[in-house]
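S.K.: The sequence isn't on hand, but the structure is:
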């Protein structure tokens, strides 16, 4: 049953709530489900069939079912069960598997030390809590992940946003408000754009700021042996903290912080998520250790991932889609208003393509989109199908009149928008080369 189809019953069931809360819940059902989504639900379209092409997973390297990883998890479950359920502050000793894995992650990331957390959200919120307070201006890219914004809020710090990837605007903000913490993503989860990390690091050095880089969508997929963009760019000595969700390329459930050894000790006894949450389970630790082996060793997965992403970005741009500066494995089709994104979702799903719908609060109001997450396992046939579908539906979804399309035309950066024009022949091998 669609969420909106039971809207009146949901409204009536809220009668037992105090009026201030009942009114808040009612606003959701009335304004979004009933009015904006016409009684349906923007997140709930068709049910994927057996032959559906799933492009919503963050398993970029296609390792979620890797036998080496599954074997390590299964062995640990059989041998240790769920282990000792306790906070990570009680972990100690040279033979502790989680502490050993933290050392492995640190060496791989070219960091002095690292901390494993329960999730990327816990890593980000805990880190910001432990480095900022109400006296600290925190300069945050407008498109930074919501967990970073929540960390600022929970720290009681002052958020000072700057325009996306605009280094000049960042510097203006710092000159006005003074030294503080600068927070960016390396690869932005909404549209796949890449931060100008070298220029940002230079501004931070000039103004005495702490630099935090969330590498959730570049750790494992970028850099030597997947060590991330900060390593690839030679910025390990200029970035104070790196965080990442290990639910992306690692296809697991944890978070990581790259930091100094002195800070590692401080964090574990200062950050609230570290103190008041149970540590990782033994099978999660063993699974992540096996995953790190695979990610370090199997470079072909990164090669294939980036070839697939380049091919799709090139073809979709030829068809007139505004990809909002994507340079990575994340491709956003930004329809704009939520009603129009539902039209796009339905057109894709009717043809067996299932992406991820992003809308407020994950995006700005009226900038909702369908995100295509590319992975290493996509075959040439599947890539060709996606390309053919995106070309065929342009009129059906009114792509020519999307706000994002008009923005691209206004900037004078649009390609030919002649309907029915055949793009020049392009092969996956040509783009990969």
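M.R.: Happy to help now that I have it. Worth saying up front: this structure is predicted, and the values here are computed from it rather than measured.
S.K.: can you tell me the helix or strand for residue 212?
M.R.: Assigned by DSSP states H and E, residue 212 belongs to strand 210-214.
S.K.: Adjacent strands (with direction) for that strand?
M.R.: strand 181-185 (parallel), strand 241-245 (parallel) (DSSP bridges).
S.K.: Check which element follows that strand along the chain.
M.R.: Next along from strand 210-214, by DSSP H and E: helix 229-232.
S.K.: which residues sit against that next one?
M.R.: Contact with helix 229-232 is made by 109-110, 186-187, 194, 197, 213, 215, 218, 222-224, 236, 239, 242, as judged by C-beta atoms under 8 Å, 6 or more residues apart in numbering. The way it works is simple: take the backbone N, C-alpha and C, and place the C-beta from them, glycine included.
S.K.: again, only using 6 Å
M.R.: 110, 186, 213, 218, 222-223, 236, 239, 242 (C-beta atoms under 6 Å, 6 or more residues apart in numbering).
S.K.: try stretch 124-134
M.R.: Residues outside stretch 124-134 that contact it (C-beta under 6 Å, 6+ apart) are 138, 147-148, 150-152, 154-157, 181, 243, 257, 267, 270-271, 273-274.
S.K.: Point out where the stretch 201-350 of the chain drops to low pLDDT.
M.R.: Applying pLDDT under 70 to the stretch 201-350 of the chain picks out no residues at all.
S.K.: Helices of that one, residue ranges please.
M.R.: Applying DSSP state H, counting those that start in this stretch to the stretch 201-350 of the chain gives helices spanning 229-232, 261-268, 272-275, 282-297, 299-318, 338-349.
S.K.: Between those helices, which one is closest to residue 66.
M.R.: Of all those, helix 282-297 sits nearest to residue 66, with 5.7 Å by C-beta to C-beta.
S.K.: Output the contacting helices and strands for that closest one.
M.R.: Taking 3 or more C-beta pairs under 6 Å, 6 or more residues apart in numbering; DSSP states H and E as contact, the helices and strands that helix 282-297 lies on are helix 67-80, helix 97-108.
S.K.: And for residue 91, the neighbour number?
M.R.: 17 (other C-beta atoms under 10 Å).
S.K.: roughly how far apart are it and residue 121?
M.R.: To residue 121, residue 91 is 21 Å away according to C-beta to C-beta, to the nearest Å.
S.K.: just residue 205 next, same as before
M.R.: According to C-beta to C-beta, residue 205 stands 29 Å off from residue 121.
S.K.: The two: who's more crowded?
M.R.: A count of neighbours by other C-beta under 10 Å puts residue 121 above the other of residue 205 and residue 121, at 20 against 11.
S.K.: Now the more buried one. Its backbone dihedrals?
M.R.: Phi and psi for residue 121, reported as degrees, to the nearest 10, are phi -60, psi -40.
S.K.: quick one: it and residue 147 touch, right?
M.R.: Yes: proximity of residue 121 to residue 147 meets the contact threshold set by C-beta atoms under 6 Å, at 4.3 Å.
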